[in-house]
Structure formats: C-alpha cells, structure tokens
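**Student:** need a 3D model of the following:
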Amino acid sequence: MNTQQTTLLNAVKQASESWKAGFNSGNAKQCAAQYESDAVMDARPFGRFEGRQQIEGFWQQLINDGFAEVDYIDPQFTVVDDNSVLLTSGWKMNKAQGVIHKELWCLQADGSAKLRVDDFEAL
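**Tutor:** The predicted structure is shown next:
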C-alpha cells in the first residue's frame with residue numbers, strides 16, 4: 001500500500017467513525033455530513049434516498065424511532081484506487097441488524113473522505 005492509499009484509508013476510517021458517533025449521539029446532520037452532496041443511498045427494504053437532504057431525513061426518522069447504538073461487525077476496507085475505498089461489513093443496532101453491501105468512500109479536495117454510494121440492508 002502506498003502513502004496516498006494509507007492517507008486515504010485513514011481518512012475513510014475517520015469519516016466512518018464520525019458517522020457512527022453522529023448516529024449514536026442522535027445527530028442526523030452529522031451523519032448526513034459524511035455523504036457527498038449528491039450521494040445515493042439504497043437502504044433495503046426502506047427505499048432509495050438521493051442527496052444529502054433526503055439521506056439526513058432518513059437517518060433523522062430512524063433516530064426519532066429510537067434506533068441507536070450502531071456498531072459494525074468485522075468491517076472490511078478495500079482500496080479501489082488512490083481516491084476511493086469500498087467498505088463492507090455486518091452491522092447491529094439496539095433494534096435492528098443487517099449487512100453493508102457497499103459503502104463507497106471517496107477522497108475530497110480537502111483531504112476528507114465522503115460517502116458517494118451507500119447500499120445496506122436490514123435483515
């Protein structure tokens with residue numbers, strides 16, 4: 001792994017932890033801030049959400065419904081190229097569990113990583 005890929009992987013892990021911290025503290029805005037402005041999220045079986053505003057609304061509704069305590073189970077980070085990482089994982093919450101099929105994290109101009117594609121399923 002080269003220096004650029006190590007830097008990218010660290011940015012992705014930091015952004016992913018920020019997303020989880022936001023969700024676990026009931027802050028949907030912090031969750032949504034980890035997505036690119038035109039990101040697409042497929043949340044099975046709930047539907048497809050496009051753009052940061054719709055995505056924030058989805059997370060806010062889950063938080064309002066009492067979902068909390070998200071944790072990733074055996075996350076796998078795969079460097080796709082010098083600008084993107086694929087994250088797959090199992091996950092669990094206080095009221096649900098499932099699988100992340102695809103979180104595509106992409107490096108931004110400021111050095112942070114943001115989600116471009118989020119595809120997960122509640123089982």
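**Student:** which parts of the chain are helices?
**Tutor:** For the chain, helices defined by DSSP state H occupy the ranges 3-24, 28-32, 51-64.
**Student:** closest to Glu121 out of those helices?
**Tutor:** Checking the helices of the chain against Glu121 by C-beta to C-beta gives helix 51-64 as the closest, at 14.1 Å. In this view, the C-beta of every residue, glycine as well, is placed from N, C-alpha and C.
**Student:** out of the helices of the chain, deepest packed?
**Tutor:** helix 28-32 (a mean of 20; mean count of other C-beta atoms under 10 Å).
**Student:** return the distance of Glu121 relative to Gln5.
**Tutor:** Distance of Glu121 to Gln5, given as C-beta to C-beta, to the nearest Å: 28 Å.
**Student:** against Asp119, how distant is Pro101?
**Tutor:** Not Pro; residue 101 is His. 5 Å.
**Student:** an error on my part: the question was meant for Glu36.
**Tutor:** 15 Å.
**Student:** again with Arg48
**Tutor:** Taking C-beta to C-beta, one finds Arg48 at 10 Å from Asp119.
**Student:** and these two? Which one has more around it.
**Tutor:** Higher neighbour count among Arg48 and Asp119: Asp119, with 17 against 12, using other C-beta atoms under 10 Å.
**Student:** quick check: pLDDT value at the more buried one.
**Tutor:** Confidence at Asp119, expressed as pLDDT, is 98.
**Student:** who touches it in this structure?
**Tutor:** Counting by C-beta atoms under 8 Å, 6 or more residues apart in numbering, Asp119 makes contact with Met41, Asp42, Arg44, Ile100, His101, Lys102, Glu103.
**Student:** farthest pair within those residues?
**Tutor:** Arg44 and Glu103 (13.9 Å).
**Student:** Leu86 is in contact with Ala113, correct?
**Tutor:** No: counting by C-beta atoms under 8 Å, Ala113 does not reach Leu86; the two are 11.9 Å apart.
**Student:** so what sits against both of these two?
**Tutor:** Joint contacts of Ala113 and Leu86 (C-beta under 8 Å, 6+ apart) are Trp105.
**Student:** contacts only, for Gln53.
**Tutor:** Ala32.
**Student:** quick one: which of Ala113 and Leu86 has more around it?
**Tutor:** With neighbours defined as other C-beta under 10 Å, Ala113 and Leu86 compare such that Ala113 has more, 25 against 17.
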